[in-house]
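In: Take a look and give me a structure for this.
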Amino acid sequence: MLSLRRACIVIIISHFSLLITHSSAQTQEGKASFYAQKFTGRMTASGERMHHDSLTCAHRTYPFGTLLKVTNPANGKSVIVRVTDRGPYVKGRIIDLSARAAREIGIIAQGIAPVIVERHSPAIVPFKPDDIELPDFEIGTNDGSDSKPIWVALKEDRDRQIREQKVREQKALKKKTQAATSQPVNNPTEAPATVNEKKDEDIILENINKNPNKSKAYLKRQGK
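Out: Numbers count the residues shown, from 1 in each chain. Predicted structure coming up:
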């Protein structure tokens, strides 16, 4: 029983030591190869399909999705790739690159070339831990006010002025029309009749003056 417990402890310690060694050894040096284009469409160990134009790679230990920086020490070129497959299982090789990744660091012609592999972590933007005193400010509200854009308000005001001007013009035109209809119309056909009637009245009055009333009643009233 005691020996079994010791064996379990040894296994656990060995496992943690391997994890610590792997996590601390962030840089690997070895040879890299690349997938030929004929492998495009093949299912990888992660379940994704290989594509020669993708920036992916195969690694034996890094988890799927890990970003690795692969550098060619011969020319200083580097590329960031994502682990999607397992391999290579050839002694001396530490990584298999996609065709595009191999092209980025210039190892297409060689086929197999020495590289440096590092785990890539996205840059973390540093921040100042000290509290920064911000100025006080008030946030105003527009409760009960017009929240329309200024150009909309200007357009509505202009339209209102145009409508008012039209109303004023219509009222003025209506007044002119009423004034014109209320004035008497001179009918030229009635003028001669009016003149003739006046002449007839003058003749009657003249005859009356020339021929005074000589009736008995009239003479009696006059005392004749």
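In: what are the phi and psi values for residue 163?
Out: Dihedral pair for residue 163: phi -60, psi -40, per degrees, to the nearest 10.
In: Kindly report the same for residue 162.
Out: Dihedral angles (degrees, to the nearest 10) for residue 162: phi -60, psi -40.
In: Can we start the residue count at 38 from this point?
Out: Happy to do that; since the first residue is 38 now, the last one works out to residue 199.
In: Tell me the pLDDT of it.
Out: As predicted, residue 199 sits at a pLDDT of 90.
In: for stretch 64-75, what is the average pLDDT?
Out: Mean pLDDT, stretch 64-75: 93.
In: in it, what counts as buried?
Out: 65, 68-72 (16 or more other Cβ atoms under 10 Å). (Each C-beta comes from the backbone N, C-alpha and C, glycine too.)
In: wait, which of these is closest to residue 99?
Out: residue 65 (9.7 Å; Cβ to Cβ).
In: helix, strand or coil for residue 126?
Out: Three-state call for residue 126 (DSSP: H, G, I helix; E, B strand; the rest coil): coil.
In: should've said residue 153
Out: Secondary structure state of residue 153, per three-state DSSP, is strand.
In: Run through the bridge partners of it.
Out: Beta-bridge pairing for residue 153 (DSSP bridges): residue 66, residue 108.
In: And it, how far from residue 92?
Out: 17 Å (Cβ to Cβ, to the nearest Å).
In: How about residue 139?
Out: 10 Å.
In: Between the two, which has more neighbouring residues?
Out: A count of neighbours by other Cβ atoms under 10 Å puts residue 139 above the other of residue 139 and residue 92, at 28 against 16.
In: Excluding chain neighbours, what is closest to that one?
Out: Spatial nearest neighbour of residue 139, chain neighbours left out: residue 71 (3.6 Å); criterion: Cβ to Cβ, 6 or more residues apart in numbering.
In: Quick check: the gap between that neighbour and residue 97.
Out: 16 Å.
In: same check, this time on residue 73
Out: Distance from residue 73 to residue 97, by Cβ to Cβ: 20 Å.
In: Equivalent analysis for residue 113, please.
Out: 26 Å.
In: ok, the two, which is more surrounded?
Out: Comparing residue 113 with residue 97 by neighbour count (other Cβ under 10 Å), the higher total belongs to residue 97, at 13 against 9.
In: can you count the residues close to the residue lying closest to that one once chain neighbours are set aside?
Out: What sits nearest to residue 97 in space, not counting adjacent residues and going by Cβ to Cβ, 6+ apart, is residue 123, at 6.2 Å. Number of residues near residue 123 (other Cβ under 10 Å) recorded here: 16.
In: wait, what's in contact with residue 123?
Out: With contact set as Cβ atoms under 8 Å, 6 or more residues apart in numbering, residue 123 has these partners: 82, 95-97.
In: how does it look with 10 Å?
Out: 81-83, 95-99, 101, 133 (Cβ atoms under 10 Å, 6 or more residues apart in numbering).
In: and these, which are buried?
Out: By neighbour count, with 16+ other Cβ under 10 Å, those hold 81, 83, 95-96, 99, 133 as buried.
In: any chance you could map the helices in this protein?
Out: 39-61, 136-142, 187-219, 228-247, 253-259 (DSSP state H).
In: looking at these, which one has the lowest mean pLDDT?
Out: helix 39-61 - the lowest mean pLDDT of the helices of the chain, at a mean of 54.
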